[in-house]
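S.K.: Predicted model and sequence below, questions to follow.
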Amino acid sequence: MSTSTSTSGRSGAAAEAGAEAGTAVPPPECPAHAAFGQGAALTALYGPEAQHDPRAVYEKLRAEHGGIAPVELEGGVPAWLVLGYRENMEVARTPMRFTRDARFWRDWTEGRIAADDPLIPLIGWRPDVVSYDGEEHQRLRAAVNECLTRFDRHGTRRHVQRYANQLIDGFVQDGTADLVSQFAAYLPMLVLSRLVGLGEEHGPKLVEAIVGMVNGGEEAYARNQYIIGTLRSLTEERRKVPAHDLASWFIQHHSGLNDEEVLNHLRLVIVLGYEATTNLVSNTLRMVLTDPRFRASLAGGLMTLPDAVEQMLWDDPPLLVCPARFATHDLQFAGKEIREGDMLLLGIAAGNADPQIRPNLGAPMHGNRSHLAFSRGPHECSGQEIARAITDTGVDVLLNRLPDLHLAVREDQLTWTASTWSRRLDALPVRFAPQRRPVQQPAPAAPAASAAVEPSAAKHALEALEAVAEAGGQARTDTRRGFRASLIGLFRGRP
Ligand code: HEM
């Protein structure tokens, strides 16, 4: 496979002209280009070739450049992709040299990135825990971690079991299902909606907005604005009437978050958690169904489900590439000249597959947690235990309810959609012996305050997906339509 290359960077009028023509081709004399790769061609991390087989792109870059390579993002924006495991660890762990603070980003400070650039919601500076280092980061991270732990202590697994069972009830009679659209895409959203505290008043377009923003493209900026508006309303309401949810806990936390900080951290949890956890659930289900080693091991008790989840976090991490770090000064790193303000991207999938630490990619990792999937250092993922709980509890419930579950298509018929940042399974069609749908069980006991918000959050989330599907005018299978109708009926209390 050949890799697309370009000698572009993004620069003023040329970038605008390129954007009008559907491509971004700034002039070769652009200073952004000269800074990267000492004049070498930049390899595109977007477009059909990179999306078709991102790992092939990483291996080609590794062979050519070693631990770090010059690449180009959508719109011709230059960056360094960190490929080596050790190099990723070093970049993630040394904020004095590689900061998370996007105000160091030279292409942005020198005016080459427009305020509504699709990269801004992902990479641009925001007043949140991701964007700071040092003392301010510690203050915000303490609030995020302590509030997430509070949710965890109040029973993530109990919520996951309940929502997973409700989702399975929706298709258990059919004998067939698509585990991506009918299970993996719903489960994290239900749990995270419950966590954040979304209520009736927030519009059903929220989920559409999250998916659209994560997918990038022209509407990413507008969708980010929509998410922010919705969470701003939630924050204002919880200031007046607290409930048992993350929005209220952020407001009450002793670190004194202001309203902007509260809403930015709610946004962060939803956006970071939703897609990555959906990918992890889908990937783990695929592995359990297709890899005879794991199927046999699970049945024989040799490998636990949490082990299988860690294996996926090594082999198929939910985020392929993590944005972003910025060099705080000119420096030499992994044999390359890095200039102050250069952007570096953590190559999570590339680092996990580094032959220096994994000479045999087929060897099982036996629950080893030293992969890069949740990153390392001061910004290591705060929600990783919640993501693990959603995944292993959700998959466990599914395997227990449908023990004869098997793939309904050949493994080589499965397809993926990839962007620069992640790669997600399109569908996972399965068959199983149909079962009668159980009579709806009463909800497990929950803390009084949370019981008041929980059903509306779940119903809201499901209606949101329903509305998204209708608004998008996408063709959907009869199975999926029937599934959504039965689920919404379930939450409305219909048998
Ligand atoms: C499988 C699912 C998930 C994956 C693979 C994942 C991965 C990551 C990664 C790679 C980072 C960036 C670290 C860096 O810049 O070095 C991160 C940060 C973060 N994640 Fe996750 N994440 C997942 C789920 C979640 C969930 C469910 C939540 C919340 C409930 C969450 C909350 C956060 C927060 C708050 C940060 C920012 C931490 C900081 O900057 O100090 N994540 N995550």
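M.R.: Yep, that arrived.

S.K.: Close to the ligand: what parts of the stretch 301-450 of the chain are there?
M.R.: With C-beta under 6 Å from any ligand atom as the criterion, the stretch 301-450 of the chain meets the ligand at residues 318-319, 322, 373-375, 379, 381-383, 386-387. (C-beta placed from N, C-alpha, C; glycine too.)

S.K.: same question, the stretch 51-200 of the chain
M.R.: Within the stretch 51-200 of the chain, the residues that sit near the ligand (C-beta under 6 Å from any ligand atom) are 92, 129-130, 141, 144, 148.

S.K.: Identify, from the residues you listed, the entry nearest to E59.
M.R.: A92 (21.4 Å; C-beta to C-beta).

S.K.: could the residues of the stretch 51-200 of the chain next to the ligand be laid out in JSON lines, adding distance to A349 and pLDDT?
M.R.: As requested, these are arranged in JSON lines below (distance: C-beta to C-beta, whole Å; pLDDT from 0 to 100):
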{"residue": "A92", "distance to A349": "15", "pLDDT": "98"}
{"residue": "V129", "distance to A349": "24", "pLDDT": "95"}
{"residue": "V130", "distance to A349": "20", "pLDDT": "94"}
{"residue": "R141", "distance to A349": "25", "pLDDT": "97"}
{"residue": "V144", "distance to A349": "25", "pLDDT": "96"}
{"residue": "L148", "distance to A349": "25", "pLDDT": "94"}
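
S.K.: Tell me which entries of these lie within helices.
M.R.: Using DSSP state H, the members of those that fall in helices are 92, 141, 144, 148.

S.K.: Which of the residues you listed sits closest to P70?
M.R.: Nearest to P70 among these: A92, at 19.5 Å, using C-beta to C-beta.

S.K.: sorry, back to before: neighbour-wise, which of the ones in helices among the residues of the stretch 51-200 of the chain next to the ligand leads?
M.R.: A92 (24 neighbours; other C-beta atoms under 10 Å).

S.K.: separation between that one and C381?
M.R.: Shown here: A92 relative to C381, a distance of 11 Å by C-beta to C-beta, to the nearest Å.

S.K.: Just the CA trace of stretch 159-178, in PDB.
M.R.: C-alpha atoms of stretch 159-178 as PDB (Å, rounded to 0.1, in the frame of the first residue of the first chain):
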ATOM      1  CA  HIS A 159     -25.900   0.700  36.500                       C
ATOM      2  CA  VAL A 160     -24.100  -1.200  33.700                       C
ATOM      3  CA  GLN A 161     -25.800  -4.400  34.600                       C
ATOM      4  CA  ARG A 162     -29.200  -2.800  34.600                       C
ATOM      5  CA  TYR A 163     -28.800  -1.000  31.300                       C
ATOM      6  CA  ALA A 164     -27.100  -4.000  29.600                       C
ATOM      7  CA  ASN A 165     -30.000  -6.200  30.600                       C
ATOM      8  CA  GLN A 166     -32.500  -3.700  29.300                       C
ATOM      9  CA  LEU A 167     -30.700  -3.500  26.000                       C
ATOM     10  CA  ILE A 168     -30.600  -7.300  25.700                       C
ATOM     11  CA  ASP A 169     -34.300  -7.500  26.500                       C
ATOM     12  CA  GLY A 170     -34.900  -5.400  23.400                       C
ATOM     13  CA  PHE A 171     -33.600  -8.000  21.000                       C
ATOM     14  CA  VAL A 172     -33.600 -11.300  23.000                       C
ATOM     15  CA  GLN A 173     -36.700 -12.600  21.200                       C
ATOM     16  CA  ASP A 174     -35.300 -12.000  17.700                       C
ATOM     17  CA  GLY A 175     -32.500 -14.600  17.600                       C
ATOM     18  CA  THR A 176     -30.400 -12.000  15.700                       C
ATOM     19  CA  ALA A 177     -28.900  -8.600  16.500                       C
ATOM     20  CA  ASP A 178     -26.200  -6.200  15.500                       C
END
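
S.K.: Can you mark which positions in that stretch are buried?
M.R.: Under the neighbour-count criterion of 16 or more other C-beta atoms under 10 Å, stretch 159-178 has 159-172, 174, 177-178 buried.

S.K.: same for the strand or helix carrying V191, what does it pack against?
M.R.: Secondary structure from DSSP states H and E places V191 in helix 187-196. Other helices and strands packing on helix 187-196, by 3 or more C-beta pairs under 8 Å, 6 or more residues apart in numbering; DSSP states H and E, are helix 156-171, helix 246-252, helix 259-290, helix 384-401, helix 448-472.

S.K.: How about this protein: which residue is closest to the ligand?
M.R.: G383 (2.0 Å; C-beta to the nearest ligand atom).

S.K.: Surely that residue touches V271?
M.R.: No. At 11.3 Å, G383 does not count as touching V271 under the criterion of C-beta atoms under 8 Å.

S.K.: Comparing those two, which residue is more hemmed in?
M.R.: For G383 and V271, the more surrounded residue by other C-beta under 10 Å is G383, and the numbers stand at 23 against 19.

S.K.: residues in contact with that one?
M.R.: 148, 269, 272-273 (C-beta atoms under 8 Å, 6 or more residues apart in numbering).

S.K.: Quick check: of those, which has the highest neighbour count?
M.R.: Going by other C-beta under 10 Å, G273 tops the contacts of G383 with 24 neighbours.

S.K.: That one touches L192, doesn't it?
M.R.: Yes. Counting by C-beta under 8 Å, L192 is a contact partner of G273 at 5.0 Å.

S.K.: Find the residue ranges of the protein scoring beneath the pLDDT cut-off.
M.R.: Counting by pLDDT under 70, the chain has low-confidence residues at 1-40, 152-154, 199-208, 211-212, 214-217, 293-302, 440-495.

S.K.: Going by residue numbers, what spans are strands in the stretch 101-250 of the chain?
M.R.: If you assign secondary structure with DSSP state E, counting those that start in this stretch, the strands in the stretch 101-250 of the chain sit at 176-178.

S.K.: From the structure, what's the count of residues near the nearest residue to A220 once chain neighbours are set aside?
M.R.: Nearest residue to A220 in three dimensions, chain neighbours excluded: P118, at 4.3 Å (C-beta to C-beta, 6 or more residues apart in numbering). Residue neighbour count, defined by other C-beta under 10 Å, stands at 20 for P118.

S.K.: surely P118 meets V77?
M.R.: No. Under the criterion of C-beta under 8 Å, P118 is not in contact with V77, lying 10.0 Å apart.
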